[in-house]
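Enquirer: below are the sequence and a predicted model; questions follow.
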Amino acid sequence: MTVHRREVGFFFYTEDSFEAWDDTPAVWREGYPPSGLFATVEEAMAEARAIIPWLRAASTKGHAPPQPKLSDDD
């Protein structure tokens, strides 16, 4: 998953996936649609943990939650 910071300072997240098609190399694809806007990275991560199944499962099983990739969107 990627947490993006918009120019105006708000944050949103996307769930990324690793995909391969036929004879092409696998690539990371940014998820769509993006989330809503949040005032902080922590708020964005809290929602992501609540609604993304694999992220919620990792958090509830006592695993350290994955750290998001942070991206500045220009």
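Expert: All right, it came through fine. Numbers count the residues shown, from 1 in each chain.
Enquirer: so in this protein, which helix runs the longest?
Expert: As assigned by DSSP state H, the longest helix anywhere in the chain is helix 41-51.
Enquirer: and that one, what's its mean pLDDT?
Expert: Mean pLDDT, helix 41-51: 91.
Enquirer: same check, this time on stretch 6-22
Expert: pLDDT averaged over stretch 6-22 gives 86.
Enquirer: what's the span of that stretch, first residue to last?
Expert: End-to-end span of stretch 6-22 (CA to CA, to the nearest Å): 35 Å.
Enquirer: now do stretch 32-47
Expert: For stretch 32-47, by CA to CA, the gap between its terminal residues amounts to 16 Å.
Enquirer: please identify the buried residues of stretch 20-32?
Expert: Of the residues in stretch 20-32, none count as buried by neighbour count, 16 or more other CB atoms under 10 Å. Quick note: C-beta positions are derived from backbone N, CA and C, even for glycine.
Enquirer: now the helices for this protein?
Expert: 41-51, 53-60.
Enquirer: for those, which one sits closest to residue 21?
Expert: helix 53-60 (21.8 Å; CB to CB).
Enquirer: now do the closest one against helix 41-51, angle only.
Expert: 100 degrees (axes from the mean of the first three to the mean of the last three CA atoms, to 10 degrees).
Enquirer: next one, pLDDT for the residue nearest to the spatial centre of the chain please.
Expert: Nearest to the geometric centre of the chain sits residue 1, at 2.6 Å (CA atoms, centre = their mean). Per-residue pLDDT puts residue 1 at 80.
Enquirer: ok, it touching residue 55?
Expert: Yes - with contact defined as CB atoms under 8 Å, residue 1 reaches residue 55; the gap is 7.0 Å.
Enquirer: coming back round to it: figure out which of the helices of the chain is closest to residue 26.
Expert: helix 53-60 (18.1 Å).
Enquirer: only the buried residues of stretch 2-11, if you could.
Expert: Quick answer for stretch 2-11 (16+ other CB under 10 Å): 2, 3, 4, 10, 11.
Enquirer: what's the burial count for the closest residue in space to residue 36 that isn't next to it in sequence?
Expert: With CB to CB, 6 or more residues apart in numbering as the criterion, residue 36 has its nearest non-adjacent residue at 6.7 Å, and that residue is residue 12. Residue 12 has 18 neighbours, counted by other CB atoms under 10 Å.
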